[in-house]
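**Student:** Sequence and predicted model, in that order:
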Amino acid sequence: MTSLPSLPSDLPFEGIVFDLDGTLIDSVPDLALALNALLREEGLPPVEPAQVPGFVGQGARILVGKAMTAVGRPVADEGAGAAELDRLHDRFVALYEAKPVEGTRPYDGAEAFLRALHARGVRLGVCTNKPHGATLGVLEALGLAALFDAVVGAGLIPERKPDPAPLRLALERMGIAPEQAVMVGDTPYDVGAARAAGVRTILVDFGYSPVPPAEVGADILVSSYAEMPAALARLRSVTKPA
Ligand SMILES: O=C(O)COP(=O)(O)O
Ligand SMILES: [Mg+2]
């Protein structure tokens, strides 16, 4: 049996909410597959997988819009463009939901870290801008769904990160007060939501942040899941977000 990472003996929080794409899982392979299937149907050229991280983090509609711009057919999100973007978004989500985990994998050490926290009785949640149905499909397919007390994906409520509302909903469902929580994410959208909700933050530097991770303003920055136990211990000196 794989041994679980050792956590600090005294944890300075009761629950952790994780972002999904770019934080727990590298989902770009399947996002790129679905995007390119959509572009092919539209008679447009494909995007390079290396471009896709720059599209992820603000939800599927923005992802599709950025891809359309990248292939030279920008769609304005107003008037007739908004209806066109709705159509492209719905088709993208259908294509993605049909094949969400062909190449998607948790980052090294992420699953063992989740299992160690779960075994310690820490309450766990997911708060993502990925559509809610697709989020549940990915977590089930990767065998991670049972580890979480709350999963909040896009569409459950109208607001998306960096608005704090979806994070607050996840915490409410976990039964955790903001000051007893930590948010682990990869972008300014995660840190923005957490600060607005009064939640401490850990940022991973290997995700899809559009700005340099050190400039995002998280309380603690880590470069791998191996660094997480020490990061959790350091949270003790982070009393509340600035
Ligand atoms: O933009 C998305 O679709 C998902 O992004 P998130 O899991 O990083 O919130
Ligand atoms: Mg993310």
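**Tutor:** Okay, I see it. Numbering: from 1, shown residues only. Ligands and ions are numbered 1, 2, ... in the order given.
**Student:** use CA for all of it now, contacts and neighbours both
**Tutor:** OK.
**Student:** list the helices and strands the lengthiest strand in the chain packs on?
**Tutor:** The single longest strand within the chain, with elements called by DSSP state E, is strand 123-131. Contacts defined by 3 or more CA pairs under 8 Å, 6 or more residues apart in numbering; DSSP states H and E place strand 123-131 against strand 15-18, helix 60-70, helix 110-119, strand 150-154, helix 165-174.
**Student:** That one close to ligand 1?
**Tutor:** Yes. Part of strand 123-131 sits near ligand 1 under the criterion CA under 6 Å from any ligand atom, namely 128-130.
**Student:** Now do stretch 191-207: everything it contacts.
**Tutor:** Contacts with stretch 191-207, where a contact means CA atoms under 8 Å, 6 or more residues apart in numbering, come from 21-23, 26, 53, 161-165, 167-168, 178-187, 213-214, 216-224, 231, 235, 238-242.
**Student:** filter these to the buried ones?
**Tutor:** Taking 16 or more other CA atoms under 10 Å as the criterion, what is buried in these is 21-23, 26, 53, 161-165, 167-168, 178-187, 213, 216-222, 231, 235, 240-241.
**Student:** Give me every residue in the chain lying close to ligand 2.
**Tutor:** 21-22, 57, 186 (CA under 5 Å from the ion).
**Student:** average model confidence for the longest strand of the chain?
**Tutor:** In this model, strand 123-131 has a mean pLDDT of 98.
**Student:** quick one: strands adjacent to that strand?
**Tutor:** Strand 123-131 pairs in its sheet with strand 15-18 (parallel), strand 150-154 (parallel), by DSSP bridges.
**Student:** quick one: it to helix 165-174, angle?
**Tutor:** 150 degrees (axes from the mean of the first three to the mean of the last three CA atoms, to 10 degrees).
**Student:** show me what contacts Ala231?
**Tutor:** 202, 220, 222.
**Student:** so which strand or helix has it?
**Tutor:** Ala231 belongs to helix 228-234 when assigned by DSSP states H and E.
**Student:** ok, and for the longest helix seen in the chain, which residues are buried?
**Tutor:** With secondary structure taken from DSSP state H, the chain has its longest helix at helix 79-98. Across helix 79-98, burial judged by 16+ other CA under 10 Å covers 85, 88-89, 91-93, 95-97.
**Student:** Residue ranges of each domain in this structure, please.
**Tutor:** Annotated domains of the chain cover 15-27+104-237, 28-98 [automatic domain parsing].
**Student:** Let me know which of those domains is tucked in deepest.
**Tutor:** Greatest average neighbour count among these goes to domain 15-27+104-237 (a mean of 20), per mean count of other CA atoms under 10 Å.
**Student:** and the end-to-end length of it?
**Tutor:** End-to-end distance of domain 15-27+104-237 (CA to CA, to the nearest Å): 17 Å.
**Student:** any weak-confidence spans in the chain?
**Tutor:** 1-2, 240-242 (pLDDT under 70).
**Student:** How about the residues of it by ligand 1?
**Tutor:** 19-22, 56-60, 128-130.
**Student:** does Thr135 really touch Gly155, like I thought?
**Tutor:** No. Taking contacts as CA atoms under 8 Å, Thr135 lies outside contact range of Gly155: 11.0 Å.
**Student:** Now do Leu139 against Ala170, distance only.
**Tutor:** Taking CA to CA, one finds Leu139 at 16 Å from Ala170.
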